[in-house]
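1. have a look; sequence and predicted model below, questions after that.
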Amino acid sequence: MKVREWDPRTASATEITSLVALLNEVSAVDLPDDPLWHDGRMRDYLSVTMPGERKTMWLVEETPGDAARGVAPLGAGSILLLGDIGVVEILVHPKARRQQIGRALLTEQVRLAHSEGFDLLGVEVAGGTCAVDFFEAYGFTLAFTEIRSLLSLNTVDWFTLGDLAAGVGAGYQIEFYPGGPPDHLIAAYAAAKAEVRDDYELGDLELRPSSYEPQRLQASLNTLDARGLKLYVVVAVVEKTGEIAGLTEVVVPAQRPGRADQYDTVVVPRHRGYGVGRAIKARMLFELRSAEPKLTEVQTWNAAVNEPLIKVNQELGFLADRSWLEYEGDVAALAQRLGITGTSA
Ligand SMILES: CC(C)(COP(=O)(O)OP(=O)(O)OC[C@H]1O[C@@H](n2cnc3c(N)ncnc32)[C@H](O)[C@@H]1OP(=O)(O)O)[C@@H](O)C(=O)NCCC(=O)NCCS
């Protein structure tokens with residue numbers, strides 16, 4: 001077994017295919033109801049980051065060159081250095097588990113985070129999988145819990161949905177924008193996001209940070225596009241003022257076009273209680289139905305404490321799927337535990 005740094009930007013097409021095979025082997029065991037990943041734009045998905053973020057990846061092969069020969073690697077790991085946190089991912093082939101491969105990948109991640117002066121690692125783990133035991137074994141602690149919910153489009157009652165889409169107070173204009181908000185709405189869009197962020201702190205680790213000011217927002221739109229993630233947004237514009245009362249974002253990945261991710265849905269506090277949240281999410285489903293004929297499911301994540309949003313999701317037909325856990329680990333303690341630094345360090 002050999003761990004080596006791996007750069008998806010320069011990897012051969014066969015290596016990328018081998019990595020997709022690993023992803024699907026892992027998914028089949030840990031998230032058996034999730035659709036499989038495709039090769040389309042996987043290189044972009046793996047290598048493109050937001051400006052200022054840095055990503056490093058490693059592969060573990062049984063015999064050097066396996067991935068280049070089309071053999072799925074035994075494991076893969078990555079660390080994304082963003083802000084003051086290193087976000088890690090570790091995948092170990094089901095046939096190669098409990099052989100310390102996860103540990104070897106974690107060791108590389110911690111070594112890098114430590115040498116770059118990062119104090120904290122974060123990781124997202126699907127509830128009920130052995131990753132929970134793995135990260136807890138290394139002293140990671142649970143920081144935040146979300147619920148993943150799934151909507152199967154063939155269960156949607158489109159007539160009822162029409163009522164939800166139309167059931168919004170007078171004075172709000174609901175608008176749909178494939179590709180993201182147009183230039184004239186960027187500032188208002190970022191302002192709405194910033195206002196909701198200031199309104200209440202849910203306490204998550206910001207492993208998927210949102211963009212609250214126009215320049216950063218534009219950069220994140222460009223990044224999504226460059227990673228092969230097609231963005232759709234629906235906004236509720238206040239007719240009188242042009243401000244944005246609410247917005248919802250869905251991304252359809254080229255790497256898994258059957259299942260979309262619903263990202264942020266926010267309603268600015270003073271516009272709550274007028275049916276805005278329900279209307280924008282319902283309108284989004286109608287638009288997706290015609291824009292993305294291959295789409296069969298939408299998944300979304302909510303803080304377990306975000307009751308208004310959970311209620312809207314239930315009305316639309318989303319069903320809670322499983323918990324999604326954010327764990328954090330202390331780099332100095334991990335470095336000691338993994339023997340990277342001496343016990344007296
Ligand atoms: C989590 C995962 C990476 C662990 O990889 P692994 O190579 O099997 O882990 P290791 O052999 O290095 O295990 C190290 C220690 O973690 C703990 N551990 C790992 N798997 C465990 C399990 N299934 N049950 C209990 N403890 C476990 C043990 O303490 C183990 O040490 P031990 O074998 O000496 O008892 C692997 O199960 C996996 O790929 N899971 C699916 C992908 C995933 O969810 N990744 C996390 C999100 S990115």
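-> Cool, got the structure.
2. every contact and neighbour count from this point should use C-alpha atoms.
-> OK.
3. buried ones in the helix or strand containing Ala332?
-> Secondary structure assignment for Ala332, by DSSP states H and E: helix 331-337. Of the residues in helix 331-337, those with enough neighbours to count as buried (16 or more other C-alpha atoms under 10 Å) are 331-335.
4. same deal with stretch 41-60?
-> For stretch 41-60, a neighbour-count test (16+ other C-alpha under 10 Å) marks 41-50, 55-60 as buried.
5. show me which residues of the stretch 51-200 of the chain sit near the ligand.
-> Contact residues (C-alpha under 6 Å from any ligand atom) of the stretch 51-200 of the chain with the ligand: 89-92, 97-103, 124-125, 130-131, 133-134, 137.
6. next SSE downstream of the strand or helix carrying Thr56?
-> Under the criterion DSSP H and E, the helix or strand holding Thr56 is strand 54-61. Under the assignment DSSP H and E, the closest C-terminal helix or strand after strand 54-61 is strand 75-82.
7. what does the worst-scoring helix or strand of the chain on mean pLDDT contact?
-> Using mean pLDDT, DSSP states H and E, helix 307-316 stands out as the lowest-scoring helix or strand of the chain, at a mean of 83. By C-alpha atoms under 8 Å, 6 or more residues apart in numbering, the list of residues contacting helix 307-316 from outside reads 156, 161, 277-278, 282, 302, 319.
8. switch to 7 Å and redo it
-> Applying C-alpha atoms under 7 Å, 6 or more residues apart in numbering, the contact partners of helix 307-316 are Arg278.
9. show me what counts as buried in it.
-> Burial within helix 307-316, assessed by neighbour count using 16+ other C-alpha under 10 Å, is assigned to 309-310, 312-313, 316.
10. all helices of the stretch 101-250 of the chain, in order?
-> 101-115, 130-137, 158-166, 186-199, 214-226 (DSSP state H, counting those that start in this stretch).
11. am I right that Glu328 sits in a strand?
-> Yes - counting by DSSP: H, G, I helix; E, B strand; the rest coil, one finds Glu328 located in a strand.
12. bridging residues for the spatially closest residue to it that is not a sequence neighbour?
-> Nearest-residue entry for Glu328: Gly122, 4.4 Å, with adjacent residues in sequence omitted and distances by C-alpha to C-alpha, 6 or more residues apart in numbering. Note on Gly122: beta-bridge partners Val87, Glu328, judged by DSSP bridges.
13. pretty sure Gly122 is touching Val331, no?
-> No - using C-alpha atoms under 7 Å, Gly122 makes no contact with Val331, being 10.1 Å away.
14. Leu142 and Glu136 touch, don't they?
-> No - with contacts defined as C-alpha under 7 Å, Leu142 does not count as touching Glu136, sitting 8.5 Å away.
15. more crowded one of the two?
-> Between Leu142 and Glu136, counted using other C-alpha atoms under 10 Å, Leu142 has the larger neighbour count: 18 against 15.
16. dump the residue contacts of the more buried one.
-> Residues near Leu142 by C-alpha under 7 Å, 6+ apart: 325-328.
17. run the last query once more with 10 Å
-> Residues in contact with Leu142 (C-alpha atoms under 10 Å, 6 or more residues apart in numbering) are 122-125, 132, 135-136, 325-329.
18. tell me which strands and helices the longest helix belonging to the chain is in contact with?
-> Longest helix of the chain, by residue count under DSSP state H: helix 13-30. Taking 3 or more C-alpha pairs under 10 Å, 6 or more residues apart in numbering; DSSP states H and E as the contact definition, the neighbouring helices and strands of helix 13-30 are helix 42-47, strand 75-82, strand 85-92.
19. could you redo the last one with a cut-off of 8 Å?
-> Packed against helix 13-30 by the contact rule (3 or more C-alpha pairs under 8 Å, 6 or more residues apart in numbering; DSSP states H and E) you find helix 42-47, strand 85-92.
20. which one, of those, ends up nearest to Pro8?
-> Among the helices and strands packed on helix 13-30, helix 42-47 comes nearest to Pro8, with 5.8 Å by C-alpha to C-alpha.
21. fine, thanks again, bye for now.
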